[in-house]
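Peer 1: need a 3D model of the sequence below.
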Amino acid sequence: MEVYPFHHNNQIFKVFTDYDLTFVELRGVLDELMEIEAFSSDSDGETEWTPYQVLFEDFVYEIWVLYPSVIIHARNTATRQG
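Peer 2: Numbers count the residues shown, from 1 in each chain. Below is the predicted model:
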């Protein structure tokens, strides 16, 4: 698994992944994580990896977050229902 330092929205992230993601994908995933406040700090000082599922464009990403580290460990095609 490779680690990539990535600057986005005035923050530096360490992104770990085996996937060849575009900048658009990576920014979109990080924006989705910011929207759900995945990077907010815990007030009692306890820190642990937190799992998330993020839908961006046609994919569902399975992600673990412990700011500033982001592990993208799965990228699956989203299934459409309806």
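Peer 1: and the strands in the protein?
Peer 2: For the chain, the strands defined by DSSP state E occupy 2-8, 11-17, 50-56, 59-66, 69-77.
Peer 1: what comes into contact with the second one?
Peer 2: Meaning strand 11-17. 1-7, 26, 30, 39, 67-73 (CB atoms under 8 Å, 6 or more residues apart in numbering). The way it works is simple: take the backbone N, C-alpha and C, and place the C-beta from them, glycine included.
Peer 1: if we go to 7 Å?
Peer 2: By CB atoms under 7 Å, 6 or more residues apart in numbering, the residues outside strand 11-17 that reach it are 1-6, 26, 30, 68-72.
Peer 1: just flag the most distant two among the residues you listed.
Peer 2: M1 and L30 (17.8 Å; CB to CB).
Peer 1: looking at the two, which is more packed in?
Peer 2: Between M1 and L30, counting by other CB atoms under 10 Å, L30 is the more crowded of the two (22 against 9).
Peer 1: isn't that one up against H8?
Peer 2: Yes. The pair L30 / H8 is scored as a contact, 5.1 Å apart, by CB atoms under 7 Å.
Peer 1: for this protein, which spans come out with low pLDDT?
Peer 2: The chain contains residues with pLDDT under 70 at 41-46, 80-82.
Peer 1: out of the strands of the chain, deepest packed?
Peer 2: strand 59-66 (a mean of 18; mean count of other CB atoms under 10 Å).
Peer 1: and that one with strand 69-77, angle?
Peer 2: 160 degrees (axes from the mean of the first three to the mean of the last three CA atoms, to 10 degrees).
Peer 1: adjacent strands (with direction) for strand 59-66?
Peer 2: strand 50-56 (antiparallel), strand 69-77 (antiparallel) (DSSP bridges).
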